[in-house]
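[1] from the sequence below, what's the structure:
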Amino acid sequence: MKFLPSGFRHNPETERILNARICVIGLGVTGFAVLRFLLRYSKAALVTAYIGEYSERNSQAIRNLFEEFFADEGHLQVFEDSSHAKSLATGAFGNSELLFSHKTSDSDSLEERIPDLRICQNVDALDEDFEIGVISPGIKPSSPLYISAEEHTGELISEPELAFRFSPAHWLAVTGTNGKTTTTTLLAHLLRVAGIKARVAGNIGPTLIDAIQERDADEYLVAELSSFQLSSSPHLCPEAAILLNITPDHLSWHGSFEEYARVKTLVYAEMKSDQLVVIEDISPLTAGLIRQAESAGHRILHLGTAPASGEEAAWVDERRSQQTVVPAIQDFGSDAVSAADHEVLKDTKLHLRLRAASQQFIDTELLDINELQIKGFHNVLNSLAASAVAAYLGADVDSIRRGLRSFEAIEHRIEPVAVVDAIEYYNDSKATNPEATIMALSAFADKPLILLVGGEDKGTDLSDLTARARLLCKAVLCYGKAGSRFFEAFVKPECECPGSLAKQASGHLLISDSGNSEYPGQATCEGGHQADVEYFASGGMRAAFIRAQELAAVGDVILLSPACASFDEFSSFEERGRVFKQWVAEAAVASGVVGDAGNVVAGGAKAGIQAVDRSLSPAAATLQTATTATATASATQSIAATISKAVGK
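    Purely as a prediction, here's the structure:
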């Protein structure tokens, strides 16, 4: 008899799934986790997986499944064509079809035996009908494999939907175009500080199907959910949900911005009228969604605006100063940049007003914005959203304050890397769209900023990004496949910035042909806002980094916030960010840091970053000739282990 973990629901629906003819489409991290779950608990005779394209990663995943569930040779049969024997011998698992099956005895029952596993590779269609299909988030709805899956399955669901059906208690959901990871991680942190069990899963951390097997029955699951995951999650119903923002992203996957926005609302579509939904109330789009949700009977906490009579809200009590230039928060759709858009918040307090699930009424200040360790006003909104849900679930206000003060930036999200020669380095590799980069710019309004942008182009609109960057950046360095389009957007501006907001200490908009930059030219913003802009047709992010080193002066910030996907040079935004941190570590090593140099990358988002002095020119020369640390000096050797750990090697 197969026993489900504690906390799993036992009802006709879960029994139906366990006995259903079921298939998994895609074998990435999600598909692999679903297959492991089904091989452990399914009572079906056969589980089938369809894989669109062969890859080494898929091959290794298949081998891992084979070794975990079928490696006992005494109970193994492999049904193979003439080439499969070689495949099994080499571990390649690259053939079009594999079938792993255990030998069975008369005493074995379907409830006790592991299902057979059929794997079909290099396919663009299903060849059989199934009651249920579990689709991986990387497969586009417009792809032949997705379309075929819809035609050949009674219902096509996501991995989060599958996990929810088996273990629906204590779910919290976070979505939005930007800020999901920070808010998800912060919410779990606040709950734990308050003594409430919580773990992170979903689009970050472990898969949800793994998390439900590992968590305690009374432990909250804080799920970061992407639009890909939500699109096939029709019955998801968390106890509380957060919708942070919606700006254009992943349009090629969803087909239109309208569809992308609709899918985001699925995070709360099935929630009950007494369950809390937090929605950002600053942008016109999400404000409109609030009105629709309230009309449909949902309970909405307004995020970012002071409450009207009777409203639940999380907002900032603020006094404003005109002394520092900051881009507008969330006003990404406007064409003009007005004076009101460039006020900075000063001496501001985070404020909550809501009724907790226990019916306790909360109306209180939390702390001052300057007490947060995470930078940028978007992180103020993230903090308010997480605090609201934590308070709703019973976290006491003092615990929330302690949690907010102790929470540090997480990797690749405006992550402080190092201060070298009084030049600050920040890794914001997670910024894969212009809106995320705009948010990052707002965190550095009072410092000269050198911005690295580029990578694989998503074809997004760049007008707001170029307007904000011209206001705030000393230099913008464009690289990668998207580099030429970004460069053209900067040198052919359609700017309506008012001249009264000219940056007090900006550089000059001379597009130099020094270094590796190409396509020199000159452009002038009507408002007089100026920044160096360069495009690197070759050399990729490395060339842009070296040029940033050459341009930087004492007090500057070098920010990697690419506004693009990473796949032209890297396997993921995580790899891109870790490579950037490695280069910063090499710069610190070249400057003669000993002992504490491990803080350069190992410290990362933590305190204790070492500031050092050196001449920029020798360091730039060192970086031009080295793509990894040469590390022949004893000082370099002493920190090699720390650096390797920090960059994930």
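[2] rest of the way, CA atoms for contacts and neighbours
    Will do.
[3] strands of the stretch 401-550 of the chain, start to end?
    Taking DSSP state E, counting those that start in this stretch to define them, one finds strands in the stretch 401-550 of the chain at 415-420, 423-427, 449-454, 473-479, 510-511, 521-522, 532-536.
[4] which neighbouring elements make contact with the first one?
    So the one you mean is strand 415-420. Using 3 or more CA pairs under 8 Å, 6 or more residues apart in numbering; DSSP states H and E as the contact criterion, the elements in contact with strand 415-420 are strand 423-427, helix 573-590.
[5] what is the mean pLDDT for that strand?
    The average of the pLDDT scores along strand 415-420 is 90.
[6] quick check: angle from that strand to helix 573-590?
    In terms of direction (axes from the mean of the first three to the mean of the last three CA atoms, to 10 degrees), strand 415-420 departs from helix 573-590 by 10 degrees.
[7] next one: the last one
    Strand 532-536 and helix 573-590 are oriented at 110 degrees to each other (the same axes, to 10 degrees).
[8] which elements pack onto strand 532-536?
    The contact analysis (3+ CA pairs under 8 Å, 6+ apart) places strand 532-536 against strand 473-479, helix 483-491, strand 510-511.
[9] tell me which residue is most central in this structure.
    Central residue of the chain (CA atoms, centre = their mean): residue 181, 5.4 Å from the mean position.
[10] CA atoms of the helix or strand harbouring that residue as CSV?
    Element membership for residue 181, per DSSP states H and E: helix 180-193. Taking Å, rounded to 0.1, in the frame of the first residue of the first chain, the C-alpha atoms of helix 180-193 are listed here in CSV:
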residue,chain,number,x,y,z
LYS,A,180,8.2,38.2,-6.8
THR,A,181,11.3,36.6,-5.4
THR,A,182,12.1,39.4,-2.9
THR,A,183,8.5,39.5,-1.6
THR,A,184,8.2,35.7,-1.4
THR,A,185,11.4,35.3,0.5
LEU,A,186,10.6,38.3,2.8
LEU,A,187,7.2,36.9,3.6
ALA,A,188,8.6,33.6,4.6
HIS,A,189,11.2,35.4,6.7
LEU,A,190,8.7,37.5,8.5
LEU,A,191,6.6,34.5,9.3
ARG,A,192,9.6,32.6,10.7
VAL,A,193,10.7,35.5,12.8
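[11] contact partners of that helix?
    174, 197-200, 204, 222-225, 244, 379, 382-383, 385-387, 389-390, 395, 399-400, 402-404, 407, 409-410, 413 (CA atoms under 8 Å, 6 or more residues apart in numbering).
[12] where does the chain dip in pLDDT?
    Filtered on pLDDT under 70, the chain yields the residue ranges 1-2, 6, 72-95, 103-112, 250-251, 254, 318-347, 493-531, 592-649.
[13] do you have the helices of the stretch 101-250 of the chain handy? List them.
    144-152, 159-166, 180-193, 208-214, 227-230 (DSSP state H, counting those that start in this stretch).
[14] for residue 153, find the nearest of the helices and strands packed on strand 415-420.
    Comparing the helices and strands packed on strand 415-420 against residue 153 with CA to CA, the closest turns out to be helix 573-590 (33.6 Å).
[15] chain center to that closest one: distance?
    20 Å (CA atoms, centre = their mean, to the nearest Å).
[16] so what angle separates the directions of that helix and strand 423-427?
    Angle, helix 573-590 to strand 423-427, by the same axes, to 10 degrees: 160 degrees.
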